[in-house]
Each structure stands twice: as structure tokens, then as C-alpha cells.
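Undergrad: below is the sequence, then the predicted model.
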Amino acid sequence: MQAGEKPLARDFADQIGWSTAFDLVKGAGQRRLFRFSTIRKTFETIIRKIGTTARTAIEETGANLLHLVFGFLEWRESDDSTQIRQAPLLVVPVSLITPKAQEEDRSIRVQYTGEDLTTNLSLVEKMRRDFGLDIPYIEEDETPEGYFKRFSPILEQKRDWRICRQVSLALLSFGKLLMYLDLDSERWPSDSPLVQHPRLLDMFSGSSAEGLTFATEYDIDEEDKRGNLPPLICDADSSQHSALIDAARGNNLVIEGPPGTGKSQTITNLIAASIASGKRVLFVAEKMAALEVVKRRLDIAVSVISALNSIVTKQVKLAY
């Protein structure tokens with residue numbers, strides 16, 4: 001080893017008699033502690049990064065990416081491929097509890113979130129489409145080992161594949177899988193195929209699609225005289241107000257623009273106008289930050305309206 005080089009964790013583990021094999025040994029019994037083949041300072045850096053990424057994902061998207069993986073399928077893209085790939089088999093969402101700076105106990109804890117142990121659905125779909133293989137789903141009350149044994153027919157067919165009995169903490173995202181499955185044309189009924197869905201035609205057929213036009217900017221003063229203006233709880237310019245008019249008329253529309261152009265204000269006004277007309281609104285956003293912006297605007301608007309109502313009520317009492 002050259003001066004200044006860090007010792008390899010594997011070499012140190014060999015010196016103290018620790019096994020560095022990842023596969024679990026059958027009959028070794030239960031353990032409360034995980035062993036990591038890394039230097040302590042490096043480990044703390046890695047675990048902090050994992051914890052930060054997991055927390056950020058929950059804050060921004062509401063989805064937990066941190067999973068404890070039980071078992072991996074070791075597979076190859078083709079029979080003559082030399083590249084070995086590994087894919088998680090069973091995953092369970094967990095949370096990471098790290099010690100605070102003032103705590104003497106520096107142990108890191110992995111906490112079960114209460115959600116079920118599930119099959120890797122992405123792997124199921126991958127194997128079905130690329131290899132024509134049906135990956136089994138884990139059954140209720142089935143143990144991981146019992147689940148692994150049901151891979152025997154697949155391993156007999158693919159003799160260079162194997163099950164790795166390993167446990168790993170990993171950041172996994174399955175957020176796009178349901179969208180991917182929804183866009184599979186084979187899953188749609190024959191009498192209403194996906195490629196004929198009117199919303200997709202509007203979005204992808206271009207200006208030649210029947211009834212598809214660029215948004216009209218209305219004369220707001222004229223619309224006000226006609227009584228067609230939706231109520232506002234946030235400021236809106238003529239283009240934003242015109243978008244509200246189109247939405248109130250039941251038109252399908254896509255609103256786009258760079259940051260600071262008033263998209264959140266328009267959404268807030270649209271939600272408020274819909275609620276005022278007796279409708280219920282489902283607002284969906286990919287990131288939690290977008291939900292929070294609109295929620296804050298609605299909260300402020302509700303507070304202002306409540307304050308105005310209180311002032312009007314007092315004035316009516318004084319007048320009486």
C-alpha cells in the first residue's frame with residue numbers, strides 16, 4: 001500500500017475474520033445487525049446521502065424510494081452475453097433513522113414502514129416483454145425462501161441464471177411503472193383503443209386534429225358584461241382570465257409557460273371557481289412543492305375572504 005492510500009475494507013475484514021460474501025448462509029440464524037464492507041467514515045457519508053435522497057423524494061413527490069431488498073435475480077441479456085445483471089426480487093419500503101449529533105448511540109436503524117413485502121413489478125414486466133417469462137408473485141404469508149424456490153422452472157430454462165440470497169438497502173423508484181402499464185395498447189379494450197383516445201389525439205396530432213386550435217384571448221370587459229367571467233381570488237391578466245373562461249366552458253386545454261408566468265395563480269383561480277360552482281376538484285402534481293404553492297395561495301385567499309366577511313358582518317350590525 002502506498003503512503004496516503006486508504007486501506008481496503010475487504011482486506012481489513014479478512015484480517016479480523018469477517019466474511020465479505022454477500023449471499024446469506026442458510027442456517028446462520030437471525031441477526032439484528034448488518035455488516036458493511038466499508039470504512040466507517042465512508043459508510044457515514046454514504047448513509048447520510050441515502051437518507052437525504054430518501055427524505056427529499058418524500059418531501060418533493062410524496063413517494064418513498066427507500067426499500068429493503070430480499071433476494072436478487074442474476075440474469076443475462078442473452079445466452080452468449082458475458083455481462084451479468086442483477087435485479088431485486090422482493091422489496092419492502094423502509095425508513096432510515098440516523099442518530100442526531102448530540103446522541104451517544106451512533107447506530108443507524110432501518111425501520112419497517114408497515115407496507116407489504118411485494119414482488120418487483122418492473123422485473124415482472126421486463127421478463128414478460130423481453131423473454132416471455134412469467135415471474136411469480138409472492139403469495140400471502142409466503143416466506144422469501146419459499147418464493148425463491150418457485151423460480152425452479154425458470155432456472156431450468158435459463159441455466160446460467162441464479163437466485164442470489166442477499167439483503168440490500170436500495171433506492172428504487174416505481175413511480176413510472178403504472179404510467180407505463182396504462183400506455184400499453186394491449187391493455188385497452190378493442191372497442192376503444194388507446195391510439196384513438198381523444199385526449200391523445202389532441203396532444204399529438206398537431207393542428208390538423210379536428211377542433212384543435214390555439215387559445216383565444218377574450219375581451220374581458222365584454223365577457224364581464226355578459227356575466228361569463230369566473231370569480232377570481234388571485235390577480236389575473238387577460239390571458240390567464242381567458243384560460244379560466246375556456247375551462248369554465250368545459251374546453252380541454254394545455255397551459256404552458258416558463259416560471260413566473262402565473263400558472264400557479266391560474267390553477268388556484270380555477271380550483272376556487274370550480275368549488276364556488278359546486279364542483280369537487282382533484283389536483284394532481286408530480287412534486288409536492290407544486291401542491292404546496294397552490295395550497296398556500298388557497299389558504300391565503302380563504303383567510304382574506306373570511307376577514308372580509310367578518311368586516312361586512314360588523315358593518316351590517318352597525319348599520320342596523
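TA: Here it is on my side, so go on. For clarity, every value in this text was computed on a predicted model and none was experimentally measured.

Undergrad: could you pull out the strands in the stretch 1-150 of the chain for me?
TA: 66-75, 85-97, 109-112, 118-119 (DSSP state E, counting those that start in this stretch).

Undergrad: so what are the sheet partners of the second one and their directions?
TA: Within its sheet, and counting by DSSP bridges, strand 85-97 is paired with strand 66-75 (antiparallel), strand 109-112 (antiparallel), strand 118-119 (antiparallel).

Undergrad: and the first one, average pLDDT?
TA: Put plainly, it is strand 66-75. Computed over strand 66-75, the mean pLDDT rounds to 93.

Undergrad: ok now it, how far from the chain's centre?
TA: Relative to its chain's centre, strand 66-75 lies at 19 Å (Cα atoms, centre = their mean, to the nearest Å).

Undergrad: just the CA trace of that strand, in PDB.
TA: Extracted in PDB, the C-alpha atoms of strand 66-75 (Å, rounded to 0.1, in the frame of the first residue of the first chain):
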ATOM      1  CA  LEU A  66     -36.000   3.600   0.200                       C
ATOM      2  CA  HIS A  67     -36.500  -0.200   0.100                       C
ATOM      3  CA  LEU A  68     -35.100  -3.200   1.700                       C
ATOM      4  CA  VAL A  69     -34.500  -5.800  -1.000                       C
ATOM      5  CA  PHE A  70     -34.700  -9.500  -0.300                       C
ATOM      6  CA  GLY A  71     -33.000 -11.600  -3.000                       C
ATOM      7  CA  PHE A  72     -31.800 -10.800  -6.500                       C
ATOM      8  CA  LEU A  73     -32.300 -12.500  -9.800                       C
ATOM      9  CA  GLU A  74     -28.900 -12.800 -11.500                       C
ATOM     10  CA  TRP A  75     -29.500 -12.800 -15.300                       C
END
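
Undergrad: residues in contact with that strand?
TA: Outside strand 66-75, the residues that touch it by Cβ atoms under 8 Å, 6 or more residues apart in numbering are 50, 54, 84-96, 110, 117, 123, 144, 147-148, 151, 158, 161-172. To be clear about C-beta, it is placed using only N, CA and C from the backbone, and glycine gets the same treatment.

Undergrad: tell me where the model's unsure across the stretch 201-320 of the chain.
TA: For the stretch 201-320 of the chain, residues meeting the criterion pLDDT under 70 lie at 202-203, 205-214, 225, 228, 304-320.

Undergrad: 50 instead?
TA: Within the stretch 201-320 of the chain, the ranges that satisfy pLDDT under 50 run 207, 209, 317, 320.

Undergrad: what segments of it are helices?
TA: Ranges of helices in the stretch 201-320 of the chain, per DSSP state H, counting those that start in this stretch, are 220-226, 238-248, 263-276, 288-319.

Undergrad: domain map for this structure?
TA: As given by automatic domain parsing, the domain ranges for the chain are 9-180, 214-319.

Undergrad: for the strands paired with strand 85-97, which one sits closest to residue 262?
TA: Taking Cβ to Cβ, strand 66-75 is the member of the strands paired with strand 85-97 nearest to residue 262, at 36.2 Å.

Undergrad: nearest to residue 140, out of the helices of the stretch 201-320 of the chain?
TA: Among those, helix 288-319 sits nearest to residue 140 (Cβ to Cβ), with 32.5 Å.

Undergrad: mind listing the helices for the stretch 1-150 of the chain?
TA: Here the stretch 1-150 of the chain has its helices, by DSSP H, counting those that start in this stretch, at 9-16, 40-61, 121-131, 144-149.

Undergrad: what mean pLDDT does the first one have?
TA: Confidence over helix 9-16, taken as the mean pLDDT, stands at 70.

Undergrad: with the third one instead?
TA: Taken as a whole, helix 121-131 has an average pLDDT of 89.

Undergrad: packing partners of it?
TA: Packing partners of helix 121-131 (3 or more Cβ pairs under 8 Å, 6 or more residues apart in numbering; DSSP states H and E): strand 85-97, helix 177-182.
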